[in-house]
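Student: For reference, the sequence and a predicted model appear below.
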Amino acid sequence: MTQTRTRLRTAAAALALSAAALLPTALPAHAESRAEAQVNAFFGQYRDAVLGQNPNQDPLEVREEFLTPELNTELDQWAADHDADPVFRAQNVPVGWSVAYGGSGAGHTTVILTENWAGGGHTDVWYQVRLDTLQIDGLEDAPQ
């Protein structure tokens, strides 16, 4: 009986090791692209400015630093049309965010910024970044 238990334990241990070998190993962390880093920096500084946590810049100054003048004009119009913050695309401030690569072409990279809300929801906003200057020249709601 003891030999049978020992064999069963040995077989179970071998099976567990075999199963563990089939599990995917941890992948290296995604290296953030320059465009993703730029959008991440913009969004963090902008959010801090909106919350009054950036004593050196107000939200408009942050926008002027990172965005093209044309995009700033579009965002001002968006805010007037929607009565909401044109960057957050909402009337409140997200509690967190993440960025992801969305594709590249014609001298631009698309960065998808996911805003996380206090209630557990999220919103995707698509940013377009010029590869040569890293200026953000497009910001829009995710395609439906």
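Tutor: Sure thing, it's come through. Residues are numbered from 1 along each chain as shown.
Student: check which helix or strand covers the residue minimising distance to the centre of the chain.
Tutor: Nearest residue to the geometric centre of the chain (Cα atoms, centre = their mean): Val99, 1.8 Å. Assessed by DSSP states H and E, Val99 sits inside strand 96-105.
Student: That strand - which strands sit beside it in the sheet, and in what orientation?
Tutor: strand 108-116 (antiparallel) (DSSP bridges).
Student: Give me the contacts around the strand it pairs with.
Tutor: If you take Cβ atoms under 8 Å, 6 or more residues apart in numbering as the criterion, strand 108-116 is touched by 33, 35-36, 38-40, 43, 88-90, 94-104, 122-131, 137-138, 142. All C-beta spots, glycine's among them, are computed from the backbone N, C-alpha and C.
Student: go on, stretch 35-50?
Tutor: 32, 54, 57-59, 61-63, 65-67, 85, 87-88, 93-94, 97, 99-101, 109, 111, 113, 127, 129, 131, 134, 136.
Student: Which SSE is immediately downstream of the lowest-mean-pLDDT helix or strand in the chain?
Tutor: Ranked by mean pLDDT, DSSP states H and E, the helix or strand of the chain with the weakest confidence is helix 2-22, at a mean of 41. Next helix or strand after helix 2-22 toward the C-terminus (DSSP H and E): helix 34-50.
Student: what angle do the very next helix or strand once past that following helix and helix 34-50 make?
Tutor: The helix or strand immediately downstream of helix 34-50 is helix 59-66, counting by DSSP H and E. Relative orientation of helix 59-66 versus helix 34-50 (axes from the mean of the first three to the mean of the last three Cα atoms, to 10 degrees): 160 degrees.
Student: And stretch 46-60, how far out from the chain middle?
Tutor: Chain-centre distance of stretch 46-60: 19 Å, with Cα atoms, centre = their mean, to the nearest Å.
Student: Perfect, I'm done here.
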